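Asks: coordinates for the following, if possible.
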Amino acid sequence: MIGRTAVDRGMASRDAVVAGFNELKALPAERRAAEFERVFIERRILTAQQIAALREELRQPTDPGKSGAPVAAAAAANFIPGYDFVRKLGAGAMGTVVLAKQRSLDRLVAIKLLPKKFAQDRQYIDRFLKEGKAAAKLNDPNIVAAFDVGQSPAGEYFFVMEFIDGDTVFDRIQAQRRIPEADAIRLARQAASALQHAHECGFIHRDVKPKNLMLTRNGLLKLADLGLARAESDSDAASEERGKIFGTPYYISPEQVRARPVTPATDIYGLGATLYHMVTGKVPFDGTAPKEVMQKHLRDPLVPPDQLVPALSGGISMIIEMMMAKDPRERYRSAKDLIEDLEQVAAGQPPVHARPKLDAPGGGLESVGTPQDGEVAIARAPEAPSIFGTTAGIVLATIAGLSIALNAALLLMLLTRK
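Replies: Model (predicted):
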């Protein structure tokens, strides 16, 4: 931040600042902060007085109207060559997102920065970089485009992506309580198209939810946040993640809760839970803790959407129920089939693939566990049935009972004779 501000003020050249950080980068991470001043002074990039003045200035709040709003770490985007920091957009568990201008193309972009607390954790770094690489392999109008991913001269890991100047499906639900059926079908149709492309490219998103469906001002939906996306063929990742649960409890599929292999049907379930939330204003399953919600995904029957909102068509209800079947084999075979049904219902016709359910969906495995850091292995195999619940067991029990009764009678006769 000091280096970037010095360049903006004309106190130092960009090349000199980058060269200084390249020298710091060659040092062990724990020594860089301590050596910063020495390197910049010895290279005559800045004087000690200039560094002290800039450091003091940057400690001041950037927005006096917001108490305790210091210069954000997000301003580290200024150290990414070719980009100018504009403002912070938001922050989440896996990074801070800032708005920046790409100088070469004179366009606004969103830059995701890995938090410093994860910058020394190889697992988080790999997952962060994998998100950018996964997004770069996808090219679809309904998926947020990826432009660049890497590490800046200052050591910050960054992911540059398309900037979406709008809101999310979650924001729409919050504002409207329920999204009208026709609008919800239109949005679900676009999300399904994004998933179809991702699946055809061999990727499973694994975290489809309203907050990851972004909307442009023109109403175009963009699937975002590929941080949990994984290639179906990535056996190494599957091995590393065995026994761990990834996803968001309100929209997670039963197979994810059980830590079983994910397939395109996994994303269809997540989109089904999202569509349910859109048209009813409620999540499919609720609870006081993540464990409780996930267990409901496993064993509780789904309340049909048209029972909560009678104005909904039978067609949309059938589609959602098929999308949220607890057994992945009972869901849509592909996003393409789902799109066909959504288009049918939008045209006022009955769905082709979905059919009315004649009985309540069956429950899943009994499950127990305690959520930890969003990764929870809670599945438990059902206990084997007791032998006395089988035909052979009943026969054995009967014979044993008769034997005990006969022995008791003989003992009684002997006692009587005496």
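
Asks: pull the number of nearby residues for residue 22.
Replies: By other Cβ atoms under 10 Å, 12 other residues sit near residue 22. In short, each C-beta sits where N, CA and C put it, glycine included.

Asks: once you drop chain neighbours, what's closest to it?
Replies: Nearest non-adjacent residue to residue 22, counting by Cβ to Cβ, 6 or more residues apart in numbering: residue 153, 5.9 Å away.

Asks: so which residue is dead centre in the chain?
Replies: Nearest to the mean C-alpha position of the chain, by Cα atoms, centre = their mean, lies residue 207 at 3.5 Å.

Asks: residue 249 is in contact with that one, correct?
Replies: No - in this structure, residue 207 is not within contact of residue 249 by Cβ atoms under 8 Å, at 11.1 Å.

Asks: confirm that residue 285 lies within a helix, as I assumed.
Replies: No - under the criterion used here (DSSP: H, G, I helix; E, B strand; the rest coil), residue 285 is coil, not part of a helix.

Asks: roughly how far does residue 265 sit from residue 84?
Replies: 43 Å (Cβ to Cβ, to the nearest Å).

Asks: give the contact list for the residue nearest to residue 22.
Replies: Residues near residue 153 by Cβ atoms under 8 Å, 6 or more residues apart in numbering: 18, 21, 22, 25, 79, 81.

Asks: what do you get for residue 32?
Replies: Listed by Cβ under 8 Å, 6+ apart, the contact partners of residue 32 are 24, 25, 155.

Asks: tell me if the last one really is in a helix.
Replies: Right, residue 155. No - assigned with three-state DSSP, residue 155 falls outside any helix and is coil.

Asks: correct me if wrong: it contacts residue 120.
Replies: No - if you go by Cβ under 8 Å, residue 155 and residue 120 don't touch, sitting 10.2 Å apart.

Asks: any residues in contact with both of these two?
Replies: Residues touching both residue 155 and residue 120 by Cβ under 8 Å, 6+ apart: residue 29.

Asks: this protein: strands as residue ranges?
Replies: With DSSP state E, the ranges of strands along the chain come out as 83-92, 95-102, 107-113, 146-151, 157-162, 166-168, 203-204, 213-216, 221-223, 230-231.

Asks: buried deepest among those strands, which one?
Replies: Stretch with highest mean neighbour count among these: strand 221-223 (a mean of 25; mean count of other Cβ atoms under 10 Å).

Asks: who touches that strand?
Replies: Contacts of strand 221-223 (Cβ under 8 Å, 6+ apart): 142-144, 162, 164, 169, 187, 190-191, 194-195, 198, 205, 208, 212-216.

Asks: go again using 10 Å as the cut-off
Replies: 135, 138, 140-145, 161-162, 164, 166, 168-169, 186-195, 197-198, 205, 208, 212-216, 229, 267, 271 (Cβ atoms under 10 Å, 6 or more residues apart in numbering).

Asks: tell me the buried residues in stretch 164-176?
Replies: 164, 168, 169, 170, 172, 173 (16 or more other Cβ atoms under 10 Å).

Asks: just the pLDDT at the nearest residue to the fifth one once chain neighbours are set aside, thanks.
Replies: Take residue 172 and drop its neighbours on the chain: the residue closest to it by Cβ to Cβ, 6+ apart is residue 179, 5.8 Å away. Residue 179 carries a pLDDT score of 97 in this model.

Asks: what do you get for the one 3 residues further on?
Replies: Each residue has a pLDDT score; the one for residue 182 is 97.

Asks: ok, it touching residue 311?
Replies: No - judged on Cβ atoms under 10 Å, residue 182 makes no contact with residue 311 at a distance of 11.8 Å.

Asks: more crowded one of these two?
Replies: Per other Cβ under 10 Å, whichever of residue 182 and residue 311 has more neighbours is residue 182, with 12 against 9.

Asks: contacting residues around that one?
Replies: 313, 316, 345, 346.

Asks: contacting residues around the closest residue to residue 314 other than its chain neighbours?
Replies: Leaving aside its chain neighbours, residue 314 sits nearest to residue 306 (6.3 Å; criterion: Cβ to Cβ, 6+ apart). By Cβ under 10 Å, 6+ apart, residue 306 lies in contact with 279, 280, 312, 313, 314, 315, 316, 317, 318, 320, 321.

Asks: quick revisit: so what's the residue nearest to residue 172 up against?
Replies: Shown in contact with residue 179 (Cβ under 10 Å, 6+ apart): 169, 172-173, 185-188, 210, 275, 277-281.

Asks: which one of those residues sits closest to residue 329?
Replies: Taking Cβ to Cβ as the measure, residue 329 lies nearest residue 275 of the contacts of residue 179, at 20.2 Å.

Asks: I'd say the closest one and residue 322 touch.
Replies: No - counting by Cβ under 10 Å, residue 275 does not reach residue 322; the two are 11.2 Å apart.
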